[in-house]
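[1] Starting from these lines, generate the structure:
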Amino acid sequence: AATKTFASQQLALALLAFALGDGPTRGELEALRDIPGQVQTILDTTDARAVAEAYADADAYFFIGRGYHYPVALEGALKMKEITYRHAEGFAAGELKHGPLALVTENTPVFAIVTGDGETARKTIGNVKEVEARDAPVVAITDGESDVTRYADHALGIPAVGDLGGSVLANVQLQLVAYWVANLLGRSIDKPRNLAKSVTVE
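    Below is the predicted model of the structure:
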């Protein structure tokens with residue numbers, strides 16, 4: 001199960017978008033250049049193993065995010081499925097009430113990606129409050145700019161680098177959680193069942 005592919009695609013598409021637009025600002029470019037060092041910091045300091053230990057026996061895992069973080073929620077769920085063989089789903093946070101909320105229980109942890117403290121963060125925190133009210137455990141992946149940790153059972157920190165860089169770093173934390181859940185369940189992490197290195201059928 002590839003771990004670097006998604007992050008590489010995120011950064012390549014960001015650079016393409018900058019090229020098609022007005023180009024990155026100096027701050028945006030510096031933020032992208034800082035990502036490798038920030039990834040290493042996460043690897044050195046993450047609490048992903050403790051989160052995995054708390055929820056390795058969950059019935060299912062839900063992942064929510066908005067904007068840049070929605071694809072990261074989908075990727076977080078995909079990695080959880082691929083290497084743990086457990087049910088996991090990613091959702092746009094704004095769609096949580098339109099069906100997925102009915103599946104939330106005290107044994108379905110919800111991973112919420114929240115960066116910054118703007119309107120997008122506030123709306124996602126509103127979703128976090130809804131699942132918290134239904135006794136679902138919440139794991140916040142956050143840069144600490146908002147008060148989402150007030151409503152979370154666990155928090156996985158990332159540097160405050162904005163939504164684009166934050167989405168890359170949030171992905172790293174989610175992959176680490178999937179890794180440790182798979183490890184605790186005794187799964188074959190390097191060779192997950194039924195996965196192919198390339199797509200050979202339509």
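[2] correct me, but residue 192 touches residue 83?
    Yes - Residue 192 lies in contact with residue 83 (CB atoms under 8 Å); the separation is 5.1 Å. C-beta coordinates here come from the backbone N, C-alpha and C atoms, glycine included.
[3] Mutual contacts of those two, please.
    residue 1 (CB atoms under 8 Å, 6 or more residues apart in numbering).
[4] which one of those two has more residues nearby?
    residue 83 (25 against 16; other CB atoms under 10 Å).
[5] Tell me the pLDDT of the closest residue to residue 116 other than its chain neighbours.
    Distance criterion CB to CB, 6 or more residues apart in numbering; nearest residue to residue 116, sequence neighbours excluded, is residue 145 at 5.1 Å. With respect to pLDDT, residue 145 scores 95.
[6] Quick check: residue 145 vs residue 99, distance?
    Distance of residue 145 to residue 99, given as CB to CB, to the nearest Å: 30 Å.
[7] Those two - which one has more neighbours?
    Legend: neighbour count by other CB under 10 Å for residue 145 and residue 99, higher for residue 145 (15 against 9).
[8] quick one: that one and residue 121 touch, right?
    Yes - taking CB under 8 Å as the definition, residue 145 is a contact partner of residue 121 at 7.2 Å.
[9] hey, what's in contact with both of those two?
    The contact sets of residue 145 and residue 121 overlap at residue 115 (CB under 8 Å, 6+ apart).
[10] Could you tell me the per-residue confidence at residue 197?
    Residue 197 is assigned 65 on the pLDDT scale.
[11] same deal with the one 5 residues further on?
    Confidence at residue 202, expressed as pLDDT, is 71.
[12] again, but for residue 190
    Reported pLDDT at residue 190 in the predicted model: 88.
[13] Look up how far residue 136 lies from it.
    According to CB to CB, residue 190 and residue 136 sit 31 Å apart.
[14] More neighbours: these two, which one.
    Using other CB under 10 Å, the more surrounded residue of residue 190 and residue 136 is residue 136, with 21 against 7.
[15] tell me the contacts of the closest residue to the more buried one other than its chain neighbours?
    Leaving aside its sequence neighbours, residue 136 sits nearest to residue 104 (CB to CB, 6+ apart; 4.6 Å). By CB under 8 Å, 6+ apart, the contact list for residue 104 reads 62, 110, 131, 134, 136.
[16] same deal with residue 35?
    Residue 35 makes contact with 11, 161, 165, 168, 169, according to CB under 8 Å, 6+ apart.
[17] How about the secondary structure of residue 105?
    Per DSSP: H, G, I helix; E, B strand; the rest coil, the local secondary structure of residue 105 is coil.
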